[in-house]
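Participant: here is my input; please provide its structure:
(2 chains)
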Amino acid sequence: MIRRPRRTIPATITALVVLAAAALAAVSCIQLIAGTPPLIPFTTVGQFAATTTLNNPAVLAGGAVLALLGVMLLACALLPGTPQVLALASSNDHTDAGVARHSLARDLTTHARTADGITDADVTVGARTVQVNARTALRDRTGLAEQVRERVATRLDDINLARPARVRVTITPDRSAR
Amino acid sequence: MNPNRPARLNRAVLTLLGLIALAVGVFVVLAGAGILAVLLPIPVRADVPLLPVNPNVPGWGPWVGAAAAVVVGLLALRWLIAQTIRRPAGSDWQLAADTHIGTTRINSDTAAEPLAQEITDYPGVQSATARLTGPRQHPHLYVRVTADDRADISALRHRIGNDAIPRLVQALNLPALAADVLLRLDTAGSARRTR
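Facilitator: Numbering: from 1, shown residues only, chains lettered A, B, ... in the order given. I've put the predicted structure just below:
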């Protein structure tokens, strides 16, 4: 049960732009029918189009911008993105389970912090990797990384991801706590 | 039904709009640079105006324009509203075996409520919601569970899969039940270490 990003932000922005353009066009057309001067000055636009050719630099630039916008929209739609929900190993045939990625990162952070000598930790969960950055005030850092790794790995074993994650631990000195 | 709504809709509409914008943009650039005239057998001249000086717009032009704009605007509004609808809707199920005598109806969301209650009472669970969707012959269950960081996840999943869901299947007399369990781990309730 892997869930990819929903692309809500590009979708909302695009929908709002399309909605605003459609509203403007509709109001202008109705004003034209009613005989009042329309919001979009159709006459001026017509005069501009009648005096401008396709090889006009402004038209070329407009076309390039439109093409770039198209590529950006396609990128939003087609690039898969980091999964927001990671699949858990299946326990029976009828049930799919997954864990929300950001919540897993927060959970592993609390578990990494429980290791002795660790003052703070940051955990980033990717599709296949778990990166732990733990800080310590101790000068002697031997064995700390193993301790943190063990805490995180134990919790990951309990959560039981469908695709086991590689755990990387880095220990950095915490000068503020010294 | 896709549980990750509206991801599929967004991808489809963004792809469509992206393709339209890309096609129009590339056409304008190619035609304006004079490359299209070489590529295509029909003459595409880049040095003529975009529109004639006095375009002869027929009387129904503004009407068609207004109608098209309203349709596009309503579709955009529908797309916008779809961003807020994330959960598949429940439906009414008929429970009685023989409908000649009478019918027993239950809303599938109401039917899933006891399951959510039961899961909420499990150790380590902070909250749970459950939703049943689809026809009664092919039901699909969506469960969201928020557990704290001391919860035993494998035990929790075992209880959901082997106690809670079978009990619901039995209570509603369902043929089979496909389920999606989405787990959120919440650290807010845990005792923070003092430093």
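
Participant: which strand or helix spans residue 168?
Facilitator: Since no chain was named, I'll use chain A. Following DSSP states H and E, one finds A:Arg168 within strand A:166-173.

Participant: oops, chain B please
Facilitator: Counting by DSSP H and E, B:Leu168 is found in helix B:165-172.

Participant: in that helix, what's buried?
Facilitator: Judged by neighbour count using 16 or more other C-beta atoms under 10 Å in any protein chain shown, the buried positions of helix B:165-172 are B:Ile165, B:Leu168, B:Val169, B:Leu172. All C-beta spots, glycine's among them, are computed from the backbone N, C-alpha and C.

Participant: wait, the second one touches B:Ala116, no?
Facilitator: No. Taking contact to mean C-beta atoms under 8 Å, the distance of 10.1 Å between B:Leu168 and B:Ala116 leaves them out of contact.

Participant: which parts of the lowest-mean-pLDDT helix or strand in chain A are buried?
Facilitator: Least confident element among the helices and strands of chain A, by mean pLDDT, DSSP states H and E: helix A:42-51 (a mean of 85). By neighbour count with 16+ other C-beta under 10 Å, helix A:42-51 contains the buried residues A:Phe42, A:Gly46, A:Ala49.

Participant: for the strand holding A:Arg168, what is the average pLDDT?
Facilitator: Regarding strand A:166-173, the rounded mean pLDDT is 92.

Participant: what's the longest helix anywhere in chain A packed up against?
Facilitator: Assignment by DSSP state H gives helix A:8-34 as the longest helix of chain A. Under the contact criterion of 3 or more C-beta pairs under 8 Å, 6 or more residues apart in numbering or on different chains; DSSP states H and E, helix A:8-34 touches helix A:57-78, helix B:7-32, helix B:61-82.

Participant: can you tell me if the lowest-mean-pLDDT helix or strand in chain B touches chain A.
Facilitator: One helix or strand of chain B scores below all others by mean pLDDT, DSSP H and E: helix B:35-39, with a mean of 76. No. Legend: contact between helix B:35-39 and chain A by C-beta under 8 Å from any C-beta of the partner chain is lacking; minimum distance shown is 9.1 Å.

Participant: buried residues in that helix, which are they?
Facilitator: Applying 16+ other C-beta under 10 Å to helix B:35-39 flags B:Leu36 as buried.

Participant: same deal with stretch B:126-143?
Facilitator: So stretch B:126-143, judged by 16+ other C-beta under 10 Å, has buried residues B:128-134, B:136, B:139-143.
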